[in-house]
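> A predicted structure for the sequence below; I have some questions about it.
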Amino acid sequence: MNIVCVGAGPAGLYFAICTKLRNPAHRITIVERNREGVSFGWGFGFWDDVLDMLYANDPVTARQVEAATGLWDGIEVHIGGRPTAYLGGYGLSMGRQRLLDILVARARELDIELQFERTVNDLSEFADADLIVSGDGINSGLRTRWADDFGTTVESGRNKYLWLGTYKVFDAFRYIFEQTPAGWIWLHCYYLDAGRSTCIVECPPETWRGLGFDELGPKECLAELERIFSKHLDGHELISQMHDVDTASWLQGKQVSNTTWYKDNVVLLGDAAHSTHFSVGSGTRLAIGDSVALAEKVDEYGADVTLALKAYDAERRPVLEDVQRQALASMRFLEKVPENMELDSVQFAYAISTRLGSRGAKWRYYLHLATQVRALRSLRLKLTAMRRSRRVRARASMR
Ligand SMILES: Cc1cc2nc3c(=O)[nH]c(=O)nc-3n(C[C@H](O)[C@H](O)[C@H](O)COP(=O)(O)OP(=O)(O)OC[C@H]3O[C@@H](n4cnc5c(N)ncnc54)[C@H](O)[C@@H]3O)c2cc1C
């Protein structure tokens, strides 16, 4: 088959790799508008299930991703000068660009053609393609063009956020809330790799405007944020992946859904098909899951593209519903942060931990109270580490 992927994000790249591994006879071209090595964003978080999925599909990629992975342990909630509250849990993380570099190198090894600095505006350029994969991200031009056919709906968020990094190392995931004269503003921070951490800044639009972020130049914007969060950054800078941070670099939550993910021989993959709020850390995992499922269906149905796309749509769309429900709940919770700041830090931390929609059993609340006690918190982290080690050992046979 002659396959064209629009977009060299995690979705397009990993789909191409999985498909080529299943059938090296396919001709696959990936077209990306950016220069090689240039992408938006800093680090992203994920869990062990992503590594499991990668090992099951391509141990070569999985080994490199695992080697580039950072780990954070436990969650801390800092609200102004109030006592710190704690939650359990751990997470993995890696640089977005590092992941893309690994996938690009693997794609080349498998003889997949990569064309950078080429923007796809018109599909007539690919009239001879058997399958066109739209992996062109949350603002997908292909999806937008046929929004009625795909049944696209968009749920917009109101908070502003900015994806930054720092060389300050955060061992635990930290939520840091600070009150300014213009209102509340906060960071989501976690360890990334090689002495770097990810820092996502978020605030309501009122705070954003009140602090002048709608007018500040790039340097002033970062300097103001460094000033607000100085006591947590220990003198380290906030860094943007973009060359400049301007008002346009601030993003706003947007949950995209579609009633179908294919039209003729064009199929939506990853963020083009569905998006989830960054605070549930699922977009890349879902993009990889889509890629594996689509590769399997293309392999199973061969030249019958319609059947393959139908089967892919039927398998993956239901998976998304639950995650999108949780992501929406998380986005809305964060929009109500200023209203909930009356709660003490332990109560607020519990609200964060149950924000995805399930209140949870009573024992969860008692576990949360116990986690505030240093000795019990250490025990909880140790038990979590043991559970994680079992998972890592279980993967050993796949390496
Ligand atoms: C602040 C923030 C934090 C996040 N944190 C996490 C996290 O912790 N964990 C997680 O799993 N996910 C996270 N995500 C989400 C994650 O980045 C996305 O879900 C993931 O990148 C989706 O992959 P994709 O390949 O579908 O799309 P993208 O990564 O967006 O890739 C799309 C590619 O298509 C290219 N393109 C677009 N239009 C064209 C065109 N016309 N022609 C050619 N090329 C084109 C783009 O340049 C881009 O390279 C976060 C996102 C944000 C914004």
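Happy to help now that I have it. The model shown is predicted, which means the values in this text are computed figures rather than measured ones. Numbering: from 1, shown residues only.

> okay, and for the protein, where does confidence drop off?
Along the chain, segments meeting pLDDT under 70 span 241-248, 358-360.

> Please list the residues of it that sit near the ligand.
Selection of the chain residues close to the ligand by Cβ under 6 Å from any ligand atom yields 6-12, 31-34, 39, 41, 44-46, 119-120, 135-137, 141, 161, 163, 200, 251, 270-272, 278, 281-285, 287. Yep, even glycine has a C-beta here, placed from its N, CA and C like the rest.

> biggest helix in this protein by residues?
Using DSSP state H to define each element, the chain has its longest helix at helix 305-335.

> Summarise which helices and strands the helix or strand just after that one is packed against.
Next along the chain after helix 305-335, taking DSSP states H and E as the criterion, comes helix 337-340. When contacts are defined as 3 or more Cβ pairs under 8 Å, 6 or more residues apart in numbering; DSSP states H and E, helix 337-340 packs onto strand 183-193.

> The strand it packs on pairs with which strands?
Strand 183-193 pairs in its sheet with strand 173-180 (antiparallel), strand 196-203 (antiparallel), by DSSP bridges.

> which residues does whatever residue of the stretch 51-200 of the chain ends up closest to the ligand contact?
Across the stretch 51-200 of the chain, the shortest distance to the ligand (Cβ to the nearest ligand atom) belongs to Gly137, at 2.9 Å. Going by Cβ atoms under 8 Å, 6 or more residues apart in numbering, Gly137 touches 7, 9, 270-272.

> Ala327 too?
If you count contacts by Cβ under 8 Å, 6+ apart, Ala327 has them with 255, 276-277, 279-280, 282.

> so what's it closest to, chain neighbours aside?
Spatial nearest neighbour of Ala327, chain neighbours left out: Thr276 (3.7 Å); criterion: Cβ to Cβ, 6 or more residues apart in numbering.

> Give me the distance between that neighbour and Ala147.
Look at Thr276 and Ala147: by Cβ to Cβ, to the nearest Å, they are 19 Å apart.

> May I have the phi/psi pair for the closest residue to the ligand within the stretch 1-150 of the chain?
Across the stretch 1-150 of the chain, the shortest distance to the ligand (Cβ to the nearest ligand atom) belongs to Gly9, at 2.1 Å. Dihedral angles of Gly9 (phi, psi; degrees, to the nearest 10) stand at phi -90, psi -170.

> Around it, how many other residues sit close by?
Number of residues near Gly9 (other Cβ atoms under 10 Å) recorded here: 29.

> check contacts around the most centrally placed residue in the chain.
Note on the chain: the residue nearest the mean C-alpha position is Gly283, at 4.1 Å, using Cα atoms, centre = their mean. When contacts are counted by Cβ under 8 Å, 6+ apart, Gly283 touches 44, 270-271, 275-276.

> Could you do Val256 as well?
Going by Cβ under 8 Å, 6+ apart, Val256 touches 138, 143, 152-154, 271, 273-275.

> what about 7 Å?
The contact partners of Val256, by Cβ atoms under 7 Å, 6 or more residues apart in numbering, come to 138, 152, 154, 274-275.

> All the helices of the stretch 101-250 of the chain, residue numbers only.
Here the stretch 101-250 of the chain has its helices, by DSSP state H, counting those that start in this stretch, at 141-145, 147-150, 205-210, 218-228, 230-233.

> need the ones you listed in CSV with mean neighbour count and distance to Pro318, can you?
As requested, these are exported to CSV (neighbours: other Cβ atoms under 10 Å; distance: least, Cβ to Cβ, whole Å):
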stretch, mean neighbour count, distance to Pro318
helix 141-145, 18, 19
helix 147-150, 15, 17
helix 205-210, 18, 34
helix 218-228, 17, 40
helix 230-233, 15, 40
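
> now those helices in JSON lines, with distance to Arg355?
Shown next, in JSON lines, are these (distance: least, Cβ to Cβ, whole Å):
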{"stretch": "helix 141-145", "distance to Arg355": "29"}
{"stretch": "helix 147-150", "distance to Arg355": "29"}
{"stretch": "helix 205-210", "distance to Arg355": "20"}
{"stretch": "helix 218-228", "distance to Arg355": "23"}
{"stretch": "helix 230-233", "distance to Arg355": "22"}
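
> Of those helices, which is nearest Leu87?
helix 230-233 (17.3 Å; Cβ to Cβ).

> hang on, the earlier thing: the longest helix of the chain vs strand 173-180, what angle?
For helix 305-335 against strand 173-180, the angle by axes from the mean of the first three to the mean of the last three Cα atoms, to 10 degrees is 50 degrees.

> Pull out the buried positions in helix 305-335.
305, 308-313, 316-317, 320, 323-324, 326-335 (16 or more other Cβ atoms under 10 Å).

> what do you get for stretch 249-263?
If you call a residue buried by 16+ other Cβ under 10 Å, then stretch 249-263 has these buried ones: 249-251, 253, 255-258, 260-263.

> Out of these, which is nearest to Ala293?
Out of the buried residues of stretch 249-263, the member with the shortest distance to Ala293 (by Cβ to Cβ) is Trp261, at 10.6 Å.

> how much space between the closest one and the ligand?
Going from Trp261 to the ligand by Cβ to the nearest ligand atom, to the nearest Å gives 12 Å.
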